[in-house]
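**Student:** Predicted model and sequence follow; I will ask about them next.
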Amino acid sequence: MLTELVLASSSIDPVIYVWDFRSGTVLLTFKQNTCYQNDMALLPFPGQSGRAALVMAAQTDKPLIHVYSWQKEQVHQKFVCPETLFSLAITGLGSYCAGGTGNGKIYIWELSTGNLCKVFDAHYRKVNILRFTSDDAALISGSEDAGINIWLLSSILDESTNEIPSPYSSWTSHSLPITDIICGIGNFRTARILTSSLDNTCKLWDLSTGHLLTTFIFPTNISSLALDPAERSFFAAGGDNLIYQMNLYRRREESGYMASRHNYIEAVGGAGDIEDIGMQDRDNNRLVFSGHNARIITMTLTYDGTLLLSGSEDGNVLLWDIASRQILKTFTHHKGPVTNLCTFLQPPDLSKLGISMERTYIQPIMPFKRIRQDPSQQRKGIDDTEDVTMFLNDRKKDIKLLAIKEPIRDPTSTEYHDLQKAKNTLMQLQSRNTTTPLQSQINELQSELLRVHDNYQKVKGLHNEMYQGLVEEFMRRRKT
Amino acid sequence: MIYHQLLIPQKLQETEVESNKSQKALLHKWCTRVNSLLSSKVSGARWAGVSFVKLSIEQSEALYVENLSSWSLALLNILTRPEPIPTLEVTIATLSELFARTINRPELQRELTSQFLPRFNACLLDLSENKELLPSIFQALSRSVSLFPSIFRPFVENAQNLCLLIVNGSLGSDTTVVKEAANCLAKISRAGGKSSPSEQWRSNLIKLMGSMHQVLDKLFDSVDEESQYAKKQSSFELPPVSEDYILAFPVFFERFKTLSECMVSMLSSPSPHCVQIPVNKIINLLCRVFNICEGTILREHKEKNEFFTLMIGVPTLHLAAIEILASLILSVGDHLLHSMRLINEIIMKLLNQYRKQPLVRTSIYYLAKLCIQKYGIGFLQLASSPLIYHITEDLIVVKRTPTNITEGLSPISGKKAGKKKKTQITNSDNFIGTRTVIEQASSNVQFAALETLNCLLPIYGESLSASSRATIDKLLLTRILDSTLISHTESNDNEHSIQLKLHECLLASAVAASEYQPSIITHALRVFTAGLNSHSYQIQLFCSQALTICDLIYHPRLPSIARFESTSTTAPPISLGYKQSTLVNPAQEDRKEEEEEEEKRETKMENHYGKTVEINIYRDQDVQQSEPSLDNRSIIQESCNIAEKDGASVSDKEVTFVADTSSSLQQSPSTSRLYSERISDVEDDFEIPEIVDEGPDSEFEDDLMDE
């Protein structure tokens, strides 16, 4: 039975709690951790999508990253960073880690080698949030300077040039610090990005073209966002202790003289339109979740998108039913502001703590390096520590399907098959220990046998003739 | 076979069968007969006995547990005796299966596997002198080492030597035995021996690379290599080859191929332990191979013939290197992101180099396809333009009319006019020469190019220049429509596959339509509708699916969110003139064509202006200039008109419905704009401040650079 868990961290309380939010049972706690909002990330297990392997959290007071595994409460690994990180993100495949600093720099590390791949100035001020797109094609950074930059990962990591990477696009429509960014479903071409800011707005963007689709104006500053898995609606939480639900589609009702009343659905906003959430007050249609007593800092949706978890400054985590907007449970584990919440399916190695007969493998990650090495030296492959450490997956079928070496799929080229046939025949003729020469030897022996048999028959005939002649001769002599 | 079918219910309903005494007696009789067959003096009967043992253990768990020990002993005895090849093969396979089934049973492992498996492994190594048994032996060794690495450890060295005997190039590279040996070597590498499994794996990979470098040292002796590579690297001991390059080079080429096969096996086999992959070293090896091409310079004082012999085998080396690169990309994936530019350069260099070699070109296309799938937009930003050029070049079908070869010949002196006439009338070629000569790339190359295009369009289709898109669409449509005019009896088997791929690409083009590409959907719908009646069943099926997907474009279930305010202009509709277009490099000619298209668009805009004003009273001038393609635009305009007439009352309501992710299939920008305009007119009277999307802030960037 699959169980969904929630992991919550705080900026003051040094404990990370992991619990089953449906039953309320705390399964695990991690010690010695305090991290800011958006300063924690789950590292996926290689080749097993959806399985969280490790927890990485950048610390508030020191330039450190703590790594936790499901096997123990204490810190599994500690990485010293060049600067204190204020935002952290890991790629979907778990290959690279990005960290944003207080002076606008972004650091990119390769997790399997610990190499510092790139450091570059991305913003004027603190990098509040970093997010990778779902296809790992781009890194999106949001900053205190109200700017959002889109960086193509391939151009950031390009070793052939030492130039400072330039963003694929920059979005400057927000006027105050960016607080949250959410990447929608789809690849780089189709994904949409939702951003929130302290300027009381959330904006929906088209990632590939960089077009601003819709601006949503809220009555308060927005600190956290949650997007429905099917992008039908999103949730924005802010300073007035409320969570606003904004539907991205709405039904309109028409009535007229000619036609009977009928409904149709339309998309909200688009083409740079503005939607004012405050205006919905007049219709009493505002979709608001009310129940927190302090500013909401973080939110997350469950796997199926029917429940919402929200954490606030007073340390409470509330579980909401989205359809009814009712509070289902209140969790009060934390003694300080809840800065990060994330839901995930219970990993198999978490359920077998201490009683597992199977050996548990931990995703290998190397300590982060603080200084960037010369890429030309790395390329030469002189240093053995540059090796990529990882688990290999079975790729044999993929290689076969790729048909790099031989066109096994349709269309079948006759010239290729003729070539193969000729080659095989040649191999058979050349090899001395295969059946073909043996067969030919047998054939030779058989023909030899036939020849011998013929000769024998001839000799036998001759012998019989001779015998008969001799007998006749003998009889004739006796008669005479 | 009658008896073995009786085993099936025993497997399915074991409890019932156990209670059935007659069934038990039958099974006992079965076992007795199988045992008597195993100990028969006739070799054919022994073969049948072993085969029945294999069938029995596959079908009956009870029989397996009951007879495991006796059958194992009997089969091991067969292996030690001189038997015909088929009997030995089936015995090896049966024993391998017997031991493999004990994997999750500690008791059986303790009593049986740990006792008999070492003997079995030793027997396998003893039997290795028999070359015909080698594929079966390698399969059994691979299975044994994967499932029971600790039991296998004493045999690691011998098994590895056996593998190296096969992969040294003397037996060729494409045979089954070489592939099995390569696979076995990869499996053995993760068993560990004196060192830990991961160290053993890495050491074997380094040795493999060392051996490949040694082969390349010999091969590239006559070549002036640009980079210097370490001469002394740890490597496997492989038998020496003749000093004469004529005898040595074929062996070296085969050896490189087999070693590359081993490396591919190592990189693509799953590892239960963490392994360290020397990615940079592998890339260096590949670069060394790819650096040798037709333009490589001959080293001074070296024999030219040796150089030319090397050049004959370079495609073989490149093919092997491409496969290694593909397996590396598949295995380590995004760890190669920093070498993206290098990979792109390799692919483009190879595409330029191998224009007329179908086998290598096909492989290069598949490599490009893999890169597109793995790296998406990051790769295509670098590679899209030249890749499109090559794809277009390979997909173009050139039709030529046959020329009269006698035309240019000057008549023999004297009799002029009379001779000419006579020649023309009597030349029978003139009567059959009315058919056009078709020149096109190899079917494999076309197929691979289309697969690459099919991957490229959904990711980068919208970002391609208008001229590139127009060229591709025209090419796809022309090829598809051309084929509809040809009788299917004339087309060959490969043509069906290519047609199917063309349809797939057309769908990809329609789904990832760019704003400058208004008419592709109508063409695609025509083609897919016609395809429902195609003579090929596969094309019929695909067209049916394609129409379902296209339905989400013209009858979307979720209304789309308009991407931007329409400022776009129209591109010229795709003309399907059957004249062959001249191929140009889009990278060079894009700008020129865009300028030409700008002019054309201006004229088109004027044409549309008058027409659109008549049907749409809400449109401002800006919108009127937008593209005029989709049918649902007019439907929505009409609905807006009706709403206006009826004096619509509009109210907002919460919407909850099942998700439909098809909204990514965009309506035309003008549609949504119209829609939102209409709604904003009808909606309440709150003011909407003007938001201007400023795009990338140049000042900000400048400041950032200064800082």
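**Tutor:** Looks like it arrived, so ask away. If you're wondering where the values come from, they're calculated on a predicted model, not measured in any experiment.

**Student:** Residue ranges in the stretch 451-600 of chain B under the pLDDT threshold?
**Tutor:** Along the stretch 451-600 of chain B, the parts satisfying pLDDT under 70 run over B:486-493, B:515-518, B:563-600.

**Student:** Am I right that B:Leu63 is in a helix?
**Tutor:** Yes: counting by DSSP: H, G, I helix; E, B strand; the rest coil, B:Leu63 falls inside a helix.

**Student:** which stretches of the stretch 101-250 of chain A form helices?
**Tutor:** A:153-156 (DSSP state H, counting those that start in this stretch).

**Student:** Likewise for the stretch 251-400 of chain B?
**Tutor:** Shown for the stretch 251-400 of chain B, the helices assigned by DSSP H, counting those that start in this stretch span residues B:279-290, B:304-332, B:340-353, B:358-375, B:377-395.

**Student:** Turn these into a markdown table, columns for distance to chain A, mean neighbour count and mean pLDDT.
**Tutor:** Using the backbone N, CA and C atoms, a C-beta is placed for each residue, glycine as well. Listed next are those as a markdown table, based on distance: least, Cβ to the nearest Cβ, whole Å; neighbours: other Cβ atoms under 10 Å in any protein chain shown; pLDDT from 0 to 100:
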| stretch | distance to chain A | mean neighbour count | mean pLDDT |
| --- | --- | --- | --- |
| helix B:279-290 | 4 | 21 | 90 |
| helix B:304-332 | 5 | 20 | 89 |
| helix B:340-353 | 5 | 20 | 91 |
| helix B:358-375 | 5 | 24 | 90 |
| helix B:377-395 | 3 | 22 | 90 |
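
**Student:** Compare those helices and report which one is nearest to A:Leu445.
**Tutor:** Shortest distance between A:Leu445 and the helices of the stretch 251-400 of chain B, using Cβ to Cβ, is found for helix B:304-332: 40.0 Å.

**Student:** circling back to that earlier point, can I get the helices of the stretch 251-400 of chain B in JSON lines with distance to A:Leu7?
**Tutor:** Compiled in JSON lines, the helices of the stretch 251-400 of chain B are given as follows (distance: least, Cβ to Cβ, whole Å):
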{"stretch": "helix B:279-290", "distance to A:Leu7": "33"}
{"stretch": "helix B:304-332", "distance to A:Leu7": "29"}
{"stretch": "helix B:340-353", "distance to A:Leu7": "34"}
{"stretch": "helix B:358-375", "distance to A:Leu7": "30"}
{"stretch": "helix B:377-395", "distance to A:Leu7": "31"}
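
**Student:** Of those, which is nearest A:Lys479?
**Tutor:** helix B:304-332 (87.6 Å).

**Student:** Pull out the buried positions in the longest strand along chain A.
**Tutor:** Longest strand in chain A, counting residues (DSSP state E): strand A:48-58. Residues A:51-58 are the ones in strand A:48-58 that count as buried (16 or more other Cβ atoms under 10 Å in any protein chain shown).

**Student:** want to throw those residues into JSON lines with pLDDT and distance to chain B?
**Tutor:** What follows is the buried residues of strand A:48-58, written out as JSON lines (pLDDT from 0 to 100; distance: Cβ to the nearest Cβ, whole Å):
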{"residue": "A:Arg51", "pLDDT": "83", "distance to chain B": "16"}
{"residue": "A:Ala52", "pLDDT": "84", "distance to chain B": "18"}
{"residue": "A:Ala53", "pLDDT": "84", "distance to chain B": "12"}
{"residue": "A:Leu54", "pLDDT": "88", "distance to chain B": "14"}
{"residue": "A:Val55", "pLDDT": "90", "distance to chain B": "19"}
{"residue": "A:Met56", "pLDDT": "90", "distance to chain B": "18"}
{"residue": "A:Ala57", "pLDDT": "90", "distance to chain B": "23"}
{"residue": "A:Ala58", "pLDDT": "90", "distance to chain B": "22"}
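
**Student:** Report the two of those separated the most.
**Tutor:** Greatest spacing in those, by Cβ to Cβ: A:Arg51 and A:Ala58 (22.5 Å).

**Student:** which residues sit against the longest strand of chain A?
**Tutor:** Contacts with strand A:48-58, where a contact means Cβ atoms under 8 Å, 6 or more residues apart in numbering or on different chains, come from A:7, A:9, A:16, A:30, A:33, A:35-36, A:39-46, A:64-69, A:76, A:81, A:84-88, A:90, A:94, A:97, A:99, A:340, A:344-345, A:347-348, A:362-363, A:365.

**Student:** Neighbours of A:Ile297, how many?
**Tutor:** For A:Ile297, the tally of surrounding residues (other Cβ atoms under 10 Å in any protein chain shown) stands at 23.

**Student:** pretty sure it contacts A:Gly336?
**Tutor:** No: under the criterion of Cβ atoms under 8 Å, A:Ile297 makes no contact with A:Gly336, lying 10.7 Å away.

**Student:** returning to that earlier point: for the longest strand of chain A, the distance to its chain's centre please.
**Tutor:** Its chain's average C-alpha position is 10 Å from that of strand A:48-58, according to Cα atoms, centre = their mean, to the nearest Å.

**Student:** do stretch A:21-33 as well
**Tutor:** Using Cα atoms, centre = their mean, the offset of stretch A:21-33 from its chain centre is 25 Å.

**Student:** again with stretch A:151-168
**Tutor:** 21 Å.

**Student:** circling back to that earlier point, what is the subsequent helix or strand relative to the longest strand of chain A?
**Tutor:** Remark: after strand A:48-58, the chain's next helix or strand is strand A:64-69, criterion DSSP states H and E.

**Student:** who does that following strand pair up with?
**Tutor:** Paired strands of strand A:64-69, with direction, are strand A:48-58 (antiparallel), strand A:77-80 (antiparallel) (DSSP bridges).

**Student:** Enumerate every residue touching A:Leu350.
**Tutor:** Contacts of A:Leu350 by Cβ under 8 Å, 6+ apart are A:5, A:18, A:27-28, A:70.

**Student:** The contacts of strand A:48-58 in strands, which ones?
**Tutor:** Among the contacts of strand A:48-58, DSSP E puts A:7, A:9, A:16, A:30, A:40-45, A:64-69, A:85-88, A:90, A:97, A:99, A:340, A:344-345 in strands.

**Student:** Make a PyMOL selection of the buried ones in those.
**Tutor:** The PyMOL command for the buried members of the ones in strands among the contacts of strand A:48-58 (criterion: 16+ other Cβ under 10 Å) is given here:
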select buried, chain A and resi 7+9+16+30+40+41+42+43+44+45+64+65+66+67+68+69+85+86+87+88+90+97+99+340+344
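
**Student:** Show me the shaky parts of the stretch 251-400 of chain A.
**Tutor:** For the stretch 251-400 of chain A, the stretches flagged by pLDDT under 70 are A:254-262, A:278-286, A:351-361, A:374-386.

**Student:** residue ranges for the strands of it, please.
**Tutor:** With DSSP state E, counting those that start in this stretch as the criterion, the stretch 251-400 of chain A has strands at A:262-267, A:273-276, A:288-290, A:296-301, A:307-312, A:317-321, A:326-331, A:338-345, A:388-390.

**Student:** So which other helices or strands are in contact with the second one?
**Tutor:** By that I understand strand A:273-276. Secondary-structure packing of strand A:273-276 (3 or more Cβ pairs under 8 Å, 6 or more residues apart in numbering or on different chains; DSSP states H and E): strand A:212-217.

**Student:** do the strand it packs on and chain B meet at all?
**Tutor:** Yes: using Cβ under 8 Å from any Cβ of the partner chain, strand A:212-217 reaches chain B at A:212-215.

**Student:** Just flag the most distant two among those residues.
**Tutor:** A:Leu213 and A:Thr215 (8.7 Å).

**Student:** Tell me who's in contact with B:Phe236.
**Tutor:** B:164, B:207-208, B:210-211.
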